[in-house]
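> sequence unknown, structure follows:
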């Protein structure tokens, strides 16, 4: 896991640590420690807070390179894909004129 995490230094990636996902920028991987920063959003105050964390590499359960997900609900996901496809199709037709 250490060598994989080192390839993502200064890049954003999803990390599953213990039982929580973090969208994080990896700062460093040293010995058996992972150092990263991530943001949290407070809905009540509408403020973002930037956190830096250090955890043992052994606490990292999984990583995910997907940067964003439109929606995990199938109907929302499909309608957004269709919207994107229609936009691309319409743009292509305009360029052909």
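Perfect, thanks for sending it. The model shown is predicted, which means the values in this text are computed figures rather than measured ones.
> do you know the pLDDT at residue 57?
Residue 57 is assigned a predicted lDDT (pLDDT) of 95.
> contact partners for it?
1-2, 5, 29, 32-34 (C-beta atoms under 8 Å, 6 or more residues apart in numbering). In this view, the C-beta of every residue, glycine as well, is placed from N, C-alpha and C.
> quick one: which of these sit in strands?
Among the contacts of residue 57, the members found in strands (DSSP state E) are 29, 33-34.
> is it possible to mark the buried ones in those?
29, 34 (16 or more other C-beta atoms under 10 Å).
> nearest to residue 46, of the ones in strands among the contacts of residue 57?
Among the ones in strands among the contacts of residue 57, residue 34 lies closest to residue 46 (C-beta to C-beta), at 29.7 Å.
> so the closest one bridges to which residues?
For residue 34, the beta-bridge partners under DSSP bridges are residue 29, residue 55.
> where do the strands sit along this protein?
Using DSSP E, strands in the chain cover 12-17, 20-30, 33-42, 47-56, 60-64.
> which other helices and strands contact the first one?
Right, the one you point to is strand 12-17. strand 20-30, strand 60-64 (3 or more C-beta pairs under 8 Å, 6 or more residues apart in numbering; DSSP states H and E).
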